[in-house]
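In: Could you work out the structure for the sequence below:
(one chain, ligands or ions: 2)
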Amino acid sequence: NLPRSVTIIEVGPRDGLQNEKGFVPTERKIAFILALKRAGFREMEVTSFVSPKWVPQMKDAGEVAEAVISEGDPVRNFILVPNRKGVERFRKTKAKAAAFFVGVSDTFNQKNINRTTEESLHELAPLIKDLKAEGCFIRVCLSTAFYCPFEGRVPEEKTVRLAEAFAALGADELSVADTIGMASPDESYSLFKKLKERFPDLLLTAHFHDTRKMGLANILAALQAGIDRFDASAGGLGGCPFAPGASGNVATEDVVYMLERMGIRTNIDREKLAEAVDGIAPFLSRPVESADYRLRKGG
Ligand code: HMG
Ligand code: MG
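Out: Ligands and ions are numbered 1, 2, ... in the order given. From the prediction side, this is the model:
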């Protein structure tokens with residue numbers, strides 16, 4: 001008994017663009033986000049308030065947030081925040097949804113945000129509580145939930161324990177990530193089944209990178225485990241600059257195609273999604289990874 005509809009959280013403007021070497025002009029980022037909104041997304045990661053020294057692509061995040069988030073916007077616009085400074089910047093925007101991110105594996109968390117996982121938990125706990133009290137929606141992205149590029153296989157129990165810690169702090173959503181695209185469908189099913197049983201009242205989201213082309217298979221397995229929220233990136237863009245070997249997220253177009261063919265509603269207009277990708281593709285250093293998009297272009 002698969003769900004009749006699923007929510008796709010578009011992460012292209014954040015995960016997709018952060019790994020691009022060349023700077024994408026601010027107005028192109030803004031146009032990309034607005035085009036994605038026209039395609040029907042109701043939840044989206046629009047940018048990240050991280051250090052511009054660490055991720056120069058995101059140095060214009062304030063301008064992007066200002067341009068795309070308006071009062072009364074029906075879209076849940078997430079901004080990624082790694083620390084207190086990120087939260088201070090967040091408070092200056094109209095955004096109401098913050099996404100924190102932490103690696104289950106210490107080594108990855110060190111490379112990504114310069115803290116151990118425990119230190120991050122400590123640092124983020126009061127920030128999460130304060131933002132919750134201010135009425136914000138809190139998403140927590142758990143990186144390296146399956147495999148770490150430095151430590152290898154991450155035990156399920158370790159991921160579940162970190163999820164418990166953030167659930168206890170009041171997170172509304174956990175986005176559980178296969179950062180370097182190493183999970184297999186049986187591993188996807190097993191972890192998501194455990195998480196679903198353990199957290200029946202939390203929003204649980206699966207975040208797959210398509211490094212080994214297992215994104216769709218892993219999504220199907222997660223669907224079977226009861227998950228009905230998926231992160232995906234228009235054009236299959238994406239990857240974490242601090243995770244060697246990470247490539248793009250599973251392409252939104254391909255996820256939408258698969259689900260709609262299975263009779264599962266997404267409320268995403270693939271034609272308009274392709275228009276959004278058309279607008280950003282000329283500014284990217286790598287080809288668009290979506291099969292659906294390439295077929296549309298006759299390739
Ligand atoms: P740090 O060097 O430990 O930070 O980096 P610090 O507190 O010592 O500050 C150093 C400098 O950065 C200072 O500036 C701060 O003001 C500035 P200076 O005095 O040298 O001029 N700074 C900031 N500036 C703007 N915004 C901020 C901010 N914080 C400090 N928020 C830090 C720690 C977290 C800042 C750094 O490691 C960082 O920015 N990391 C970001 C890494 C990142 O963006 N990774 C990609 C996103 S996560 C991801 O892709 C995974 C995900 O998709 C799921 C999956 O697939 O696994 C979500
Ligand atoms: Mg990611």
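
In: Can you tell me the closest non-neighbouring residue to residue 34?
Out: residue 68 (6.5 Å; Cβ to Cβ, 6 or more residues apart in numbering). Quick note: C-beta positions are derived from backbone N, CA and C, even for glycine.

In: any idea how far the nearest residue to residue 19 once chain neighbours are set aside lies from ligand 1?
Out: Leaving aside its chain neighbours, residue 19 sits nearest to residue 239 (3.9 Å; criterion: Cβ to Cβ, 6+ apart). For residue 239, the distance to ligand 1 equals 8 Å [Cβ to the nearest ligand atom, to the nearest Å].

In: and residue 239, what is it in contact with?
Out: 15, 18, 19, 209, 246, 247, 248, 249 (Cβ atoms under 8 Å, 6 or more residues apart in numbering).

In: Using TSV, lay out those residues together with neighbour count, pLDDT and distance to residue 219.
Out: Putting the contacts of residue 239 into TSV (neighbours: other Cβ atoms under 10 Å; pLDDT from 0 to 100; distance: Cβ to Cβ, whole Å) gives the following:
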residue	neighbour count	pLDDT	distance to residue 219
15	26	96	16
18	24	96	22
19	20	91	21
209	29	97	12
246	23	82	18
247	20	87	16
248	25	94	14
249	33	96	11
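
In: and the residue nearest to residue 19, which of the three is it?
Out: Secondary structure for residue 239, judged by DSSP: H, G, I helix; E, B strand; the rest coil, is coil.

In: same question, the one 3 residues further on
Out: Secondary structure for residue 242, judged by three-state DSSP, is coil.

In: Dump stretch 194-208 to CSV, restricted to CA.
Out: Output in CSV follows, covering the C-alpha atoms of stretch 194-208 (Å, rounded to 0.1, in the frame of the first residue of the first chain):
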residue,chain,number,x,y,z
LYS,A,194,13.1,1.6,11.5
LEU,A,195,12.8,5.4,11.5
LYS,A,196,9.2,5.3,10.5
GLU,A,197,8.4,3.0,13.4
ARG,A,198,10.4,5.0,15.8
PHE,A,199,9.1,8.4,14.8
PRO,A,200,5.5,7.9,13.7
ASP,A,201,4.6,11.6,14.3
LEU,A,202,7.7,13.3,12.6
LEU,A,203,7.9,14.3,9.0
LEU,A,204,10.5,11.9,7.5
THR,A,205,12.2,12.7,4.2
ALA,A,206,14.6,10.7,2.2
HIS,A,207,17.5,12.5,0.5
PHE,A,208,19.4,10.5,-2.1
